[in-house]
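here is my input; please provide its structure:
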Amino acid sequence: MATKKSRAQKKSFIFGSFILCCLGASLLASAMATMNWFEATCHTDQATSTGTINFGLFQGQRTLTDGSTATHDLKVVCDGGDCMYSCGVSKEQRLEQLQLLRDQEYYPSWVNTNCPLVRLARSLSPPSLGTLWGKGESGAKEEEEALEDSWKKEMGAKEEEAEEKVEEEEGTSTDPTSTTEDSSATPRSGQAEFMDYGLWAGTIACLCLGMLFAVVGALFAVINTATTPVEAITGVPGLYVWNTLAALFNLVCVICWAVQFHAHLTKNVLLYDKDNGWTTEGNEVFGYSFWLVVVAIFVHVANILIIFFGTYEPKVKEQMKAPESKSGTIMLY
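Below is the predicted model of the structure:
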């Protein structure tokens with residue numbers, strides 16, 4: 001026969017539920033704050049060109065090494081259902097970059113103007129970069145301006161050459177004698193590489209809701225440790241509800257990001273570096289920020305089990321006893 005749990009034992013299990021709810025909320029907060037939902041290594045055809053890139057839900061960072069190393073911060077920008085990690089300094093620049101990439105009107109000169117660290121990494125050879133960093137602030141500024149002028153001239157020449165090439169292709173395509181389409185035409189830039197806004201927003205929304213219900217579960221666990229609430233939703237049944245909702249929203253969050261990863265991030269995510277030969281394709285993995293949410297799911301499942309084993313008591317059916325017969329002398333009148 002199962003022994004009946006004392007009030008103190010039940011309270012200790014409920015306090016354990018409070019600790020696990022706090023752990024689940026902490027894991028979700030860490031996942032939201034860190035920038036490792038997506039990780040990848042990047043490279044070019046040259047053996048000396050390597051790099052790393054990591055994305056969070058709101059910002060990321062990339063480090064490219066091509067003789068010299070440059071690290072640049074990235075921020076998420078969304079427009080028209082598409083999202084990307086842009087190196088633009090301001091919101092207007094990030095929106096401009098997304099639009100240019102979407103319309104296939106993007107040129108490397110944009111990076112020269114709005115992504116200075118990347119510009120230095122590309123435009124300077126290793127000795128020149130080391131010399132620039134070794135100079136004082138004024139000397140570095142003069143050197144940078146000179147390099148920027150030379151870069152602009154070089155990119156201007158390349159842009160003119162590209163425009164001439166585009167005009168020649170347009171002239172060929174409008175030629176009435178031409179009956180075949182150009183099979184080498186470039187598809188819409190980044191169509192499979194931009195992130196989907198719905199999946200990105202869904203990931204953040206579910207993560208926030210999971211965190212909210214974890215905090216609510218922790219709050220009501222404290223209340224149940226100190227008192228015995230009368231209403232079911234504020235008592236032990238409510239602890240089941242809050243932890244179940246937290247686990248479900250965490251699961252949906254994981255699913256949203258997994259779909260985002262496999263549908264939009266498994267190809268080259270370096271949209272504005274691919275013209276220089278940089279690629280991440282085949283080197284992408286889920287970062288530890290993503291796995292923190294997966295661990296949080298198991299934390300809330302374990303919490304539900306703890307509440308069950310700590311508070312559940314099987315109902316014992318009481319057997320009806322027959323009334324005892326009274327012994328004694330029967331008096332007759």
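
mind showing which ranges of the chain have poor pLDDT?
1-5, 108, 112, 116-192, 312-333 (pLDDT under 70).

so what's Thr41 closest to, chain neighbours aside?
Asn283 (4.5 Å; C-beta to C-beta, 6 or more residues apart in numbering). The C-beta positions use only the backbone N, C-alpha and C, and glycine is treated the same way.

tell me how many other residues surround that neighbour.
15 (other C-beta atoms under 10 Å).

Ala40 is in contact with that one, correct?
Yes - assessed by C-beta atoms under 8 Å, Asn283 is found in contact with Ala40 at 4.9 Å.

can you mark which positions in the helix or strand encompassing Ala31 are buried?
According to DSSP states H and E, Ala31 maps onto helix 7-33. For helix 7-33, a neighbour-count test (16 or more other C-beta atoms under 10 Å) marks 10-11, 13-14, 16-18, 20-25, 27-29, 31-32 as buried.

with stretch 274-286 instead?
Lys274, Trp278, Thr279, Thr280, Glu284, Phe286.

let me have these in CSV, adding distance to Phe249 and secondary structure as columns.
Formatted as CSV, the buried residues of stretch 274-286 follow (distance: C-beta to C-beta, whole Å; DSSP: H, G, I helix; E, B strand; the rest coil):
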residue, distance to Phe249, secondary structure
Lys274, 36, helix
Trp278, 36, coil
Thr279, 35, strand
Thr280, 30, coil
Glu284, 25, strand
Phe286, 19, strand
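
now the strands: where do they sit in the stretch 151-300 of the chain?
Counting by DSSP state E, counting those that start in this stretch, the stretch 151-300 of the chain has strands at residues 195-196, 284-286.

can you add distance to Trp110 and give these back as JSON lines?
Shown next, in JSON lines, are the strands of the stretch 151-300 of the chain (distance: least, C-beta to C-beta, whole Å):
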{"stretch": "strand 195-196", "distance to Trp110": "20"}
{"stretch": "strand 284-286", "distance to Trp110": "25"}
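
quick one: closest of these to Gly67.
strand 284-286 (24.9 Å; C-beta to C-beta).

helices along the stretch 151-300 of the chain, start to end?
197-226, 236-264, 288-311 (DSSP state H, counting those that start in this stretch).

could I get the buried residue list for the longest strand along the chain?
Looking across the chain with DSSP state E, the single longest strand is strand 68-79. Neighbour-count burial for strand 68-79 flags Ser68, Ala70, His72, Leu74, Lys75, Val76, Val77, Cys78 (criterion: 16+ other C-beta under 10 Å).

grab the nearest non-local neighbour of Ser86.
Arg94 (3.8 Å).

list the contacts for Thr63?
Gly51, Thr52, Ile53, Thr69, Ala70, Thr71, His72 (C-beta atoms under 8 Å, 6 or more residues apart in numbering).

look up how far Ala263 lies from the nearest residue to Thr203 once chain neighbours are set aside.
Leaving aside its chain neighbours, Thr203 sits nearest to Cys256 (4.4 Å; criterion: C-beta to C-beta, 6+ apart). As defined by C-beta to C-beta, to the nearest Å, Cys256 lies at a distance of 11 Å from Ala263.
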